[in-house]
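**Q** no sequence on this one, just coordinates:
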């Protein structure tokens, strides 16, 4: 087997050299795709056409698309034209991470936000359970108190009749 092939069982596949290729990682909602680009001089219009092919059924030629890339600070920066795209590619360090917003759809929640929301919900759940436990304890104490009070009343009432 040559070093330029990958082997899976009996199947052999040529290995793709991605060492000098730009990888575009694109997200629409929860669908993420990795696309190797052979020509870094891609224009904005070519990028949009490529995205329409890659995301068939999710992205049409009539859709309004906003393209954003994630910069070194994790901020989403809008790509408006080929000049913006060229700058994003230069800043990308070989992997350009894009997020597509289609027809004004809001951005997907970031994983850090999801973790924070889950933690807040867990805290709320724990507080509700704590409150329910305290209500049950109060209810039990009150019921036991009534039982004791009724028992004492019955004993006193029984003594008076004797």
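**A** Nice, I can see it. Quick caveat: nothing in here was measured; it's all calculated off a predicted structure. Residues are numbered from 1 along each chain as shown.
**Q** When you work out contacts or count neighbours from here on, use the C-alpha atoms and nothing else.
**A** OK.
**Q** ok, residue 58 - contacts?
**A** Counting by C-alpha atoms under 8 Å, 6 or more residues apart in numbering, residue 58 makes contact with residue 52.
**Q** and if you look at residue 75?
**A** residue 69.
**Q** try residue 42
**A** Contacts of residue 42 by C-alpha under 8 Å, 6+ apart are 82, 86.
**Q** State the number of residues packed around residue 131.
**A** Per other C-alpha atoms under 10 Å, the neighbour tally for residue 131 reads 12.
**Q** nope, residue 54 is what I meant
**A** Other residues close to residue 54 by other C-alpha under 10 Å number 15.
**Q** Over to residue 134?
**A** Around residue 134 there are 12 other residues, counting by other C-alpha under 10 Å.
**Q** secondary structure element for it?
**A** Using DSSP states H and E, the element containing residue 134 is helix 111-161.
**Q** where does this structure dip in pLDDT?
**A** For the chain, the stretches flagged by pLDDT under 70 are 1-20, 106-111, 138-162.
**Q** redo that, cut-off 90
**A** 1-22, 28-30, 37-41, 55-63, 70-76, 90-94, 102-120, 122, 125-162 (pLDDT under 90).
**Q** List the buried residues in stretch 127-136.
**A** Across stretch 127-136, burial judged by 16 or more other C-alpha atoms under 10 Å covers no residue at all.
**Q** Going toward the C-terminus from the helix or strand containing residue 23, what's the next helix or strand?
**A** Assigned by DSSP H and E, residue 23 belongs to strand 22-28. Per DSSP H and E, the first helix or strand lying C-terminal to strand 22-28 is strand 31-37.
**Q** need the next SSE after that next one, C-terminal direction.
**A** helix 44-54.
**Q** Just checking: what are the partner strands of the helix or strand that comes right after that following helix?
**A** Per DSSP H and E, the first helix or strand lying C-terminal to helix 44-54 is strand 65-70. Its sheet considered, strand 65-70 pairs with strand 76-79 (antiparallel), strand 95-102 (antiparallel) by DSSP bridges.
**Q** what residues are up against residue 41?
**A** Counting by C-alpha under 8 Å, 6+ apart, residue 41 touches residue 86.
**Q** Quick check: the gap between it and residue 85.
**A** Relative to residue 85, residue 41 is positioned 9 Å away (C-alpha to C-alpha, to the nearest Å).
**Q** Return every residue with contacts to both of these two.
**A** Common neighbours of residue 41 and residue 85 (C-alpha under 8 Å, 6+ apart) do not exist.
**Q** count of neighbours near the closest residue to residue 26 other than its chain neighbours?
**A** In this structure, residue 26 finds its nearest non-sequential neighbour in residue 98, 4.7 Å apart by C-alpha to C-alpha, 6 or more residues apart in numbering. By the criterion of other C-alpha under 10 Å, residue 98 has 23 neighbours.
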